[in-house]
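Visitor: predicted model and sequence below, questions to follow.
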Amino acid sequence: IDISSLRSASGGLITLDRGFKNTGSCESAITFLNGEQGILRYRGYSIEDLAENASFLEVAYLLIFGELPSQQELDKFHQDIKDESYVDEEMKKILDGFPRSAHPMGVVSSLTSALIAFNPSSVDVSSEEDMYKSIVKILAKFPVLCAWALRKRTGQPLDYGDSSLGYVENILKMMFKKANEDYKINPVVASALNKLLILHADHEQNCSASTVRIVGSSHAGLFVSISAGVAALWGPLHGGANQAVIEMLEGIKEDGGDSKKYMQKAKDKEDPFRLMGFGHRVYKNFDPRAKIIKKSADEVLGDLGIEDPVLDIAKGLEKEALEDDYFVKRKLYPNVDFYSGIIYRALGIPTEMFTVMFALGRLPGWIAQWREMRLMKEPIGRPRQIYTGENHRPYVDIDERH
Ligand code: ACO
């Protein structure tokens, strides 16, 4: 290694921290997380209190602007969002170009990026007022795009929902209202979704939030930054875990329900299989969101009168893992996504939409991270590296290569 290449621009030494396990990328006043004690707070408010008492839109306001809104502030915020819910008709042509089998996360990421073509002024956020306009636009249009991705898949006509409804209720209606049907909101479903969205709303510098910040740090604009966040969230090691968990639990069920066999597979270092929904980069005790979700899963299934054998398999796996040396030693506990898929399924949300539901929840967090990054005038994100390739080599003419 050429030692001089390890010097940073300021004269210090470059550190290598694969996966940024011990690197703080910014200062932030949004979300507090203590992985040892299992504490999660948004702007100082505990996740338990918010999940129990708040509406998702209040939490969105809190994350983005730093304070819980007064009723008047919340009403104005909601009205501003409703006023921006129109998505250009031309966007439907882009949606048309996707095969029906396309994964909704890819569709949503592409459509979110395409929004800029129809809202070019949203990129210029030189004042806080411009920033507010872009924020309200994306909060309004993103759920429409998510609902369209589902409706395309299910062959339902596209629509814009019902502006007389609450933000969360409207998401449900936009997604599930069938043509010529009088869709009635089930309050149990709406309340469960409200809670899930709050639990997913922010989680400090995770993979997708860091992606949003780094893309946004080049001043590329909010919409593309969010589009990149969606792409980052898609992977099974991050938000895609909620889909992977249900697929894994279904697989275990179909294979006779022998969870011990899968525990063994997860421990086998020759086998790439991991117990999806277990482990977390930061929580090394328990994930406080998983505790709330587990309780909520029991309540929702009870209220809706659903018996899901997959819930029993999940509980069995959790119990076994808590008593297993491999999992205990590595501090691998169920994370937020271990139980969320079971609730989404009970709410009638198709499996391939689970990660889109996560994205809907995470949207205010991404926005808050992006806004803070821009207001703090963060420099462009540009990590360094330790070069391990060849030293200088003379060019070899193509005829002389073998
Ligand atoms: N099943 C089996 N073994 C696991 C699991 C798992 N789910 N998770 C981690 N391990 C093991 C690793 O093999 C490693 O073992 P080793 O020390 O013998 O090599 C050790 O535990 C540490 O794991 P890392 O991958 O180094 O931990 P990292 O912090 O990088 O990864 C992650 C965290 C990605 C969440 C990981 O635990 C995982 O892949 N979990 C399953 C996927 C998942 O549920 N993702 C959702 C995360 S929550 C979210 O994003 C919303």
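Guide: Cool, the structure landed.

Visitor: ok, now which ones touch the residue in the stretch 201-350 of the chain positioned nearest to the ligand?
Guide: Closest approach between the stretch 201-350 of the chain and the ligand, counting by C-beta to the nearest ligand atom: Gly279, at 2.3 Å. In short, each C-beta sits where N, CA and C put it, glycine included. Counting by C-beta atoms under 8 Å, 6 or more residues apart in numbering, Gly279 makes contact with 330, 332-333, 335.

Visitor: with secondary structure added, can I get these in CSV?
Guide: Output for the contacts of Gly279, formatted as CSV (DSSP: H, G, I helix; E, B strand; the rest coil):
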residue, secondary structure
Arg330, coil
Leu332, coil
Tyr333, coil
Asn335, coil
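
Visitor: derive a ChimeraX selection command for the buried subset of those.
Guide: To isolate the buried ones among these in ChimeraX, judged by 16 or more other C-beta atoms under 10 Å, type:
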select :332,333,335
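
Visitor: hmm, which two among the contacts of Gly279 are most spread apart?
Guide: Arg330 and Asn335 (13.3 Å; C-beta to C-beta).

Visitor: hmm, the helix or strand Met105 falls within in reach of the ligand?
Guide: Secondary structure assignment for Met105, by DSSP states H and E: helix 104-118. No - Helix 104-118 does not reach the ligand (C-beta under 6 Å from any ligand atom); its nearest approach is 13.9 Å.

Visitor: tell me what the following helix or strand past that helix is packed against?
Guide: As assigned by DSSP H and E, the chain's next helix or strand after helix 104-118 is helix 128-154. In terms of contacts (3 or more C-beta pairs under 8 Å, 6 or more residues apart in numbering; DSSP states H and E), helix 128-154 is packed against helix 71-83, helix 91-96, helix 104-118, helix 167-176, helix 222-234, helix 354-375.

Visitor: how far does the fifth one sit from the chain's center?
Guide: Pointing back at helix 222-234 there. Put simply, helix 222-234 sits 9 Å off its chain's centre (C-alpha atoms, centre = their mean, to the nearest Å).

Visitor: quick one: end-to-end distance for stretch 270-278.
Guide: In stretch 270-278, first residue to last residue: 19 Å (C-alpha to C-alpha, to the nearest Å).

Visitor: surely Val123 touches Ile116?
Guide: Yes - contact criterion C-beta atoms under 8 Å: Val123 and Ile116 qualify, at 6.5 Å.

Visitor: and for the two, which residues touch both?
Guide: Shared contacts of Val123 and Ile116, defined by C-beta under 8 Å, 6+ apart, are found at 221, 223.
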